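Enquirer: Sequence first, then the predicted structure:
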Amino acid sequence: MINFLDLQIPVHPFKDDYPIDLLKEKRHIKINFEDILTEKFINLLDTLSIKVSLVESFYSPKSIIQPIHIDSKGGDYTKLNFVYGGKDSLMHWYKLKEGSNAISHITDIGTIYATYNRQDCIILESHCIKFPTLIQAGVPHNVTNPPFEDRLCISLFLRDKNTNEIIDMKNAIHRFQNYLVPQMGLEPTKPTTST
Ligand SMILES: [Fe+2]
(Lines give C-alpha, C1' and ligand atoms only; values in the text may rest on other atoms or scores of the structure.)
Protein backbone atom coordinates (compact mmCIF):
# COMPACT_ATOMS: atom_id res chain seq x y z
CA MET A 1 0.00 0.00 0.00
CA ILE A 2 1.26 3.50 -0.83
CA ASN A 3 1.18 5.72 2.23
CA PHE A 4 2.41 9.01 0.76
CA LEU A 5 2.93 10.84 -2.50
CA ASP A 6 4.47 14.26 -2.99
CA LEU A 7 2.59 16.54 -5.37
CA GLN A 8 3.44 19.65 -7.34
CA ILE A 9 0.40 21.87 -7.62
CA PRO A 10 0.56 24.84 -10.01
CA VAL A 11 -1.54 27.22 -7.90
CA HIS A 12 -1.11 28.49 -4.37
CA PRO A 13 -3.68 26.86 -2.09
CA PHE A 14 -3.87 29.52 0.62
CA LYS A 15 -4.90 33.16 0.45
CA ASP A 16 -2.04 35.67 0.79
CA ASP A 17 -3.85 37.58 3.52
CA TYR A 18 -4.72 34.55 5.66
CA PRO A 19 -2.87 34.84 9.02
CA ILE A 20 -1.08 31.49 8.86
CA ASP A 21 1.08 32.32 11.92
CA LEU A 22 -2.01 32.56 14.15
CA LEU A 23 -2.53 28.83 13.58
CA LYS A 24 0.48 28.25 15.83
CA GLU A 25 -1.48 29.46 18.86
CA LYS A 26 -3.26 26.12 19.32
CA ARG A 27 -2.22 22.54 18.69
CA HIS A 28 -5.28 21.74 16.59
CA ILE A 29 -7.62 24.20 14.85
CA LYS A 30 -10.57 23.72 12.53
CA ILE A 31 -10.40 26.26 9.72
CA ASN A 32 -13.30 27.54 7.65
CA PHE A 33 -12.17 26.51 4.18
CA GLU A 34 -13.67 29.60 2.55
CA ASP A 35 -11.41 31.74 4.71
CA ILE A 36 -8.16 30.09 3.66
CA LEU A 37 -8.43 28.33 0.27
CA THR A 38 -7.89 30.32 -2.92
CA GLU A 39 -10.47 30.24 -5.65
CA LYS A 40 -7.83 28.94 -8.08
CA PHE A 41 -7.09 25.98 -5.83
CA ILE A 42 -10.78 25.17 -5.29
CA ASN A 43 -11.22 25.33 -9.07
CA LEU A 44 -8.29 22.95 -9.57
CA LEU A 45 -9.84 20.44 -7.16
CA ASP A 46 -13.13 20.93 -8.94
CA THR A 47 -11.56 19.70 -12.20
CA LEU A 48 -10.68 16.49 -10.31
CA SER A 49 -14.24 16.21 -8.90
CA ILE A 50 -12.85 16.74 -5.41
CA LYS A 51 -14.27 18.86 -2.62
CA VAL A 52 -12.69 19.67 0.71
CA SER A 53 -14.86 18.59 3.61
CA LEU A 54 -12.54 19.62 6.44
CA VAL A 55 -9.50 21.89 6.83
CA GLU A 56 -7.47 21.52 10.02
CA SER A 57 -4.14 22.80 11.24
CA PHE A 58 -1.81 20.82 13.49
CA TYR A 59 0.96 22.68 15.28
CA SER A 60 3.94 20.76 16.66
CA PRO A 61 6.56 22.53 18.77
CA LYS A 62 10.16 21.37 18.49
CA SER A 63 11.02 17.88 19.81
CA ILE A 64 7.48 16.51 19.77
CA ILE A 65 6.66 12.86 19.21
CA GLN A 66 2.97 12.37 18.44
CA PRO A 67 1.17 9.28 19.72
CA ILE A 68 0.71 6.58 17.08
CA HIS A 69 -2.86 6.86 15.89
CA ILE A 70 -5.41 6.45 13.13
CA ASP A 71 -7.55 9.39 12.06
CA SER A 72 -11.28 8.85 12.48
CA LYS A 73 -12.03 5.10 12.42
CA GLY A 74 -9.06 4.19 10.23
CA GLY A 75 -9.29 2.33 6.92
CA ASP A 76 -8.00 3.71 3.62
CA TYR A 77 -8.38 7.40 2.94
CA THR A 78 -6.24 10.31 2.06
CA LYS A 79 -5.58 13.76 3.30
CA LEU A 80 -3.69 16.46 1.45
CA ASN A 81 -1.13 17.93 3.82
CA PHE A 82 0.84 21.17 3.50
CA VAL A 83 3.73 21.58 5.92
CA TYR A 84 5.46 24.80 6.96
CA GLY A 85 8.78 24.40 8.79
CA GLY A 86 9.45 21.18 10.67
CA LYS A 87 12.97 20.73 9.31
CA ASP A 88 13.78 17.00 9.31
CA SER A 89 10.38 16.11 10.78
CA LEU A 90 9.11 12.73 9.66
CA MET A 91 5.74 11.07 9.34
CA HIS A 92 5.89 7.34 10.08
CA TRP A 93 3.44 4.55 9.19
CA TYR A 94 3.13 1.33 11.18
CA LYS A 95 1.59 -2.10 11.06
CA LEU A 96 0.03 -3.51 14.17
CA LYS A 97 1.09 -6.62 16.02
CA GLU A 98 -1.61 -9.18 16.65
CA GLY A 99 -3.76 -8.48 19.67
CA SER A 100 -3.15 -4.73 19.70
CA ASN A 101 -5.90 -2.58 21.15
CA ALA A 102 -7.03 0.83 19.94
CA ILE A 103 -7.90 3.49 22.49
CA SER A 104 -10.57 5.93 21.23
CA HIS A 105 -10.35 9.70 21.71
CA ILE A 106 -12.10 12.89 20.63
CA THR A 107 -10.02 15.84 19.41
CA ASP A 108 -10.41 19.46 20.50
CA ILE A 109 -12.48 20.12 17.35
CA GLY A 110 -14.80 17.14 17.92
CA THR A 111 -13.34 14.63 15.44
CA ILE A 112 -12.49 11.10 16.54
CA TYR A 113 -9.21 9.21 16.45
CA ALA A 114 -7.68 6.18 18.12
CA THR A 115 -4.21 5.62 19.54
CA TYR A 116 -2.07 2.50 19.91
CA ASN A 117 0.67 1.55 22.33
CA ARG A 118 4.09 2.01 20.78
CA GLN A 119 5.12 -1.55 21.66
CA ASP A 120 2.21 -2.89 19.58
CA CYS A 121 3.44 -1.14 16.40
CA ILE A 122 6.07 -2.10 13.81
CA ILE A 123 7.34 0.73 11.63
CA LEU A 124 6.77 0.33 7.89
CA GLU A 125 8.17 3.52 6.38
CA SER A 126 8.79 7.20 6.99
CA HIS A 127 8.61 10.35 4.90
CA CYS A 128 9.19 14.08 5.26
CA ILE A 129 5.85 15.69 4.36
CA LYS A 130 6.10 18.50 1.81
CA PHE A 131 3.87 21.24 0.39
CA PRO A 132 1.79 19.28 -0.42
CA THR A 133 1.92 15.51 0.13
CA LEU A 134 -0.99 13.12 -0.17
CA ILE A 135 -0.94 11.00 2.97
CA GLN A 136 -2.66 7.85 4.10
CA ALA A 137 -4.51 8.81 7.28
CA GLY A 138 -6.31 5.55 7.97
CA VAL A 139 -3.20 3.47 8.73
CA PRO A 140 -1.50 3.88 12.15
CA HIS A 141 0.87 6.85 11.86
CA ASN A 142 2.54 9.65 13.77
CA VAL A 143 4.93 12.56 13.30
CA THR A 144 8.24 13.10 15.03
CA ASN A 145 9.58 16.63 15.12
CA PRO A 146 13.29 17.04 15.98
CA PRO A 147 14.61 20.00 17.98
CA PHE A 148 15.50 22.21 15.00
CA GLU A 149 12.26 23.92 14.07
CA ASP A 150 8.56 23.91 14.97
CA ARG A 151 6.11 22.52 12.42
CA LEU A 152 2.73 23.63 11.15
CA CYS A 153 0.66 21.26 9.03
CA ILE A 154 -2.49 22.35 7.21
CA SER A 155 -4.45 19.24 6.38
CA LEU A 156 -7.32 18.90 3.91
CA PHE A 157 -9.78 16.03 4.09
CA LEU A 158 -10.93 15.16 0.58
CA ARG A 159 -14.22 13.77 -0.67
CA ASP A 160 -15.78 13.12 -4.05
CA LYS A 161 -17.62 16.25 -5.10
CA ASN A 162 -20.65 14.42 -6.44
CA THR A 163 -21.05 11.36 -4.20
CA ASN A 164 -19.49 12.80 -1.00
CA GLU A 165 -17.56 9.53 -0.64
CA ILE A 166 -14.17 9.44 1.07
CA ILE A 167 -11.31 9.20 -1.44
CA ASP A 168 -8.96 6.25 -0.89
CA MET A 169 -5.28 6.39 -1.79
CA LYS A 170 -5.58 4.53 -5.09
CA ASN A 171 -8.38 6.82 -6.18
CA ALA A 172 -6.44 9.91 -5.04
CA ILE A 173 -3.37 8.84 -7.04
CA HIS A 174 -5.54 8.43 -10.11
CA ARG A 175 -7.12 11.86 -9.70
CA PHE A 176 -3.82 13.65 -9.02
CA GLN A 177 -1.83 11.73 -11.67
CA ASN A 178 -0.90 14.93 -13.52
CA TYR A 179 0.56 16.47 -10.35
CA LEU A 180 2.69 13.62 -8.96
CA VAL A 181 6.35 14.31 -8.20
CA PRO A 182 8.43 11.47 -9.73
CA GLN A 183 9.62 9.01 -7.10
CA MET A 184 10.57 5.37 -6.71
CA GLY A 185 7.68 3.07 -7.53
CA LEU A 186 6.04 5.49 -9.95
CA GLU A 187 8.06 4.47 -13.00
CA PRO A 188 6.08 4.17 -16.25
CA THR A 189 4.54 0.71 -16.57
CA LYS A 190 5.75 0.51 -20.20
CA PRO A 191 9.26 1.34 -21.43
CA THR A 192 9.47 4.61 -23.31
CA THR A 193 10.68 4.49 -26.92
CA SER A 194 14.33 5.55 -27.22
CA THR A 195 15.44 7.59 -30.21
FE1 LIG B 1 -3.20 11.76 11.97
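Expert: Everything's here; your move.

Enquirer: now the helix or strand hosting residue 80: mean pLDDT?
Expert: Assessed by DSSP states H and E, residue 80 sits inside strand 78-85. The pLDDT scores in strand 78-85 average 97.

Enquirer: Please pull up the helix or strand immediately following it.
Expert: Downstream of strand 78-85 (by DSSP H and E), the next one is strand 90-96.

Enquirer: by contact count, what packs against that following strand?
Expert: strand 121-127, strand 141-145 (3 or more C-beta pairs under 8 Å, 6 or more residues apart in numbering; DSSP states H and E). For glycine as for every other residue, the C-beta is placed from the backbone atoms N, C-alpha and C.

Enquirer: Quickly list what residue 6 is bridged to.
Expert: residue 133 (DSSP bridges).

Enquirer: any idea how far it lies from residue 43?
Expert: 22 Å (C-beta to C-beta, to the nearest Å).

Enquirer: show me the residues around residue 115 that make contact.
Expert: Residue 115 is in contact with 67-69, 102-103, 105, counting by C-beta atoms under 8 Å, 6 or more residues apart in numbering.

Enquirer: deepest of the helices and strands packed on strand 90-96, which one?
Expert: Stretch with highest mean neighbour count among the helices and strands packed on strand 90-96: strand 141-145 (a mean of 20; mean count of other C-beta atoms under 10 Å).

Enquirer: Tell me which other helices or strands that strand touches.
Expert: So strand 141-145, by 3+ C-beta pairs under 8 Å, 6+ apart, packs with strand 50-60, strand 64-65, strand 69-71, strand 90-96, strand 151-160.

Enquirer: In the sheet, which strands lie alongside the second one, parallel or antiparallel?
Expert: Strands that pair with strand 64-65, judged by DSSP bridges, come out as strand 141-145 (antiparallel).

Enquirer: With the fourth one instead?
Expert: Partner strands and pairing direction for strand 90-96 (DSSP bridges) are strand 121-127 (antiparallel), strand 141-145 (antiparallel).

Enquirer: And the first one, how far out from the chain middle?
Expert: It refers to strand 121-127. Averaging C-alpha positions (C-alpha atoms, centre = their mean, to the nearest Å) puts strand 121-127 15 Å from its chain's average.
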